[in-house]
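> Coordinates for the following, if possible.
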Amino acid sequence: MDQQQPLAAGDPGVERRRDRRTFLVGALAGVATLGASRPARAQDRRKKADRETMPADPLAGGVGSAIAAPSAWANPVIRLVRRATLGLSDADVTAAKAMGYQGWLQYQLDYQRIDDSAVDNAVAALWPTTTQDVNTLFSLSQGTVQTAQQAAWVYRAALSKRQLYERMVEFWSDHFNIEFAKVGYLKVVDDREVIRKYALGKFADLVKASSKSAAMMAYLDQNVSRAGAPNQNYARELMELHTLGVNGGYTQDDVAELSRVLTGWTIQGRGTFTFNPALHDWGSKVVMGVAIPAGSPSLGADGIKEGEQIIDFLCNHPSTATFISTKLLKWLLTPEPTQSQINTIAGVFRATGGDLKLVVRAILNQGWVTAAPVKFKRPFHYLVSALRGSNAVITNTAAINGQLVNLGQPLYQWETPDGYPDLFEFWSGNLMPRWQVASTVANLRSGSIVVDTTPYLAGTADAAVDLISRNLFGGELDVATRANLLTYLKAGTFNETRVRETLSLAIASESFQWY
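Residues are numbered from 1 along each chain as shown. The predicted structure follows:
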């Protein structure tokens, strides 16, 4: 973490490093103990050929699933802000306290009423590829397009006032995962027209948009599926990952039949969805008991209605309500939701026709959030929360993309269609890269991202730690961590270097790994 030259024995810098190392080793021990029963796999990538070795239930909980929140997390409003944002910020905590629990939750759910034009305009100016059409994107360097898409996502996550919306964008980006390397610029359009358009809309609209996304079709080989040679990849993932869940009641025969239903769904030109009647299987089919009579090529474009009928059926199936409700509960509330919680949210899902705003509102009720255990920040969440909590002044985020590579979660680069895991034991082994990120963020002194230490130096060491507590922890820093930070800060000269080191230790602390 330190970039200075080696120091001689007796130099004050040696003691400073020992102090920092002692603090960090304590944090490592606290987190690592929780994940000791499972090996860390943060750099693993499951190949498609290994799918059969997956656990029967991809929603199964993991190590550390029921860790109680610290007693210092006493304010239910701040508990909500922790759950509904990509990192506490003093501005969000202040706003939430002023609005109250229900007021701030509704404010975040009504995200379209939140003026985010400053962020939108900055993204469009910095990364114009995020708004360009497929013909323009096709002509550009795909590496440039990918880097811009990644940087724009980090920028939005860090600076958007629509924080709950951004959390849902992250959720659906994994749920409908698409690897950029396979589809290139098509993912830009998918992010814009599918994920971001419907992240807090109706679930059925989200599935339907995804089903006609050129990026999804290319990623799961639907574009090469045709009568006589149907490709089953998209049909399988539509059932297993997008709607019903692996235990949702379908069979391999249903997958095969659905793949026939979807023949003719393809791409034309640079990336435009089309239904091609010449590629469609017009024979009779049965999918999960739904009979589709034989058709005729004379029906032409109306053949698409077969697929649309089955997609409607899947979106409205009780298994889908249970699967999506369980997954959302795990994302927003607890790694191990109770059966009662699952039944309640599945009931809301069915009653509202999959209205995601109402489903999310039901999950984030005050009683449940206040009693919820902590969750471990995934690398993306951790990095963004460090930027938000340190009040970084951000004009561009391209330079920070590499940190997500080091942390093991480079955006749009998960190979298989299940998306990055949201399991503690998967990420608990990447503590060293997190410490490096903490040091990097705390020492951003110039360039496109700057962390200003002037406010911390304006008063005493005690006041500086209080400010760290307010900015990074919502004022709810636990006693032990506060004492350690204060001890470290007072052990040396109270100057910018010492303050940045203390800020780095706060970001690297065990307390900051959870939300």
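> Grab the nearest non-local neighbour of Glu170.
Phe380 (6.9 Å; CB to CB, 6 or more residues apart in numbering). From N, CA and C alone the C-beta is placed, and that goes for glycine too.
> got the contact list for that neighbour?
By CB atoms under 8 Å, 6 or more residues apart in numbering, the residues touching Phe380 are 86, 154, 157, 170, 404, 407, 409, 411.
> so how far is Ser259 from it?
33 Å (CB to CB, to the nearest Å).
> and if you look at Gly303?
Counting by CB to CB, the gap from Gly303 to Ser259 is 15 Å.
> Same check on Ile311?
From Ile311 over to Ser259 the distance is 13 Å, taken as CB to CB.
> Residues in contact with stretch 123-135: which ones?
By CB under 8 Å, 6+ apart, stretch 123-135 touches 137, 140, 144-145, 148-149, 151-152, 155-156, 185-186, 188-189, 191-192, 214, 269-272, 396.
> Now which of those residues would you call buried?
Among those, those scoring as buried are 137, 145, 148-149, 151-152, 155-156, 185-186, 188-189, 191, 214, 270-271 (criterion: 16 or more other CB atoms under 10 Å).
> just the residues you listed now: which is nearest Leu241?
Here the nearest of the buried ones among the contacts of stretch 123-135 to Leu241, counting by CB to CB, is Asp191; it sits at 17.9 Å.
> wait, what's in contact with the closest one?
130, 149, 153, 173.
> Please look at the third one and Leu404 and confirm they touch.
No: because the distance of 9.8 Å does not satisfy CB atoms under 8 Å, Trp153 is recorded as not touching Leu404.
> neighbour-wise, which of these two wins?
Trp153 (26 against 22; other CB atoms under 10 Å).
> any idea what sits nearest that one, other than its immediate chain neighbours?
Leu411 (5.7 Å).
> was I right about that neighbour contacting Ala151?
No: counting by CB under 8 Å, Leu411 sits too far from Ala151 to count as a contact (9.1 Å).
> Show me whatever sits in contact with both of the two.
Counting by CB under 8 Å, 6+ apart, the residues touching both Leu411 and Ala151 are Asn401.
> So for stretch 393-407, mean pLDDT?
Regarding stretch 393-407, the rounded mean pLDDT is 95.
> What spatial separation is found between the residue nearest the centre of the chain and Arg378?
In the chain, the centroid-proximal residue (CA atoms, centre = their mean) is Glu170; its distance is 3.1 Å. As for Glu170, its distance to Arg378 is 9 Å (criterion: CB to CB).
> Tell me if I'm right that His242 and Ala209 touch.
No: the criterion here is CB under 8 Å, and His242 misses it with Ala209 at 11.5 Å.
> The two: which has the busier surroundings?
Ranked by neighbour count (other CB under 10 Å), His242 and Ala209 place His242 first, with 25 against 19.
> Spit out the contact partners of that one.
Contacts for His242 (CB under 8 Å, 6+ apart) come out as 175-176, 207, 210.
> And for Leu486?
461-462, 465.
> roughly how far apart are it and Phe376?
If you go by CB to CB, the gap between Leu486 and Phe376 works out to 26 Å.
> Just name the closest of the contacts of Phe380 to Pro455, please.
Leu86 (22.3 Å).
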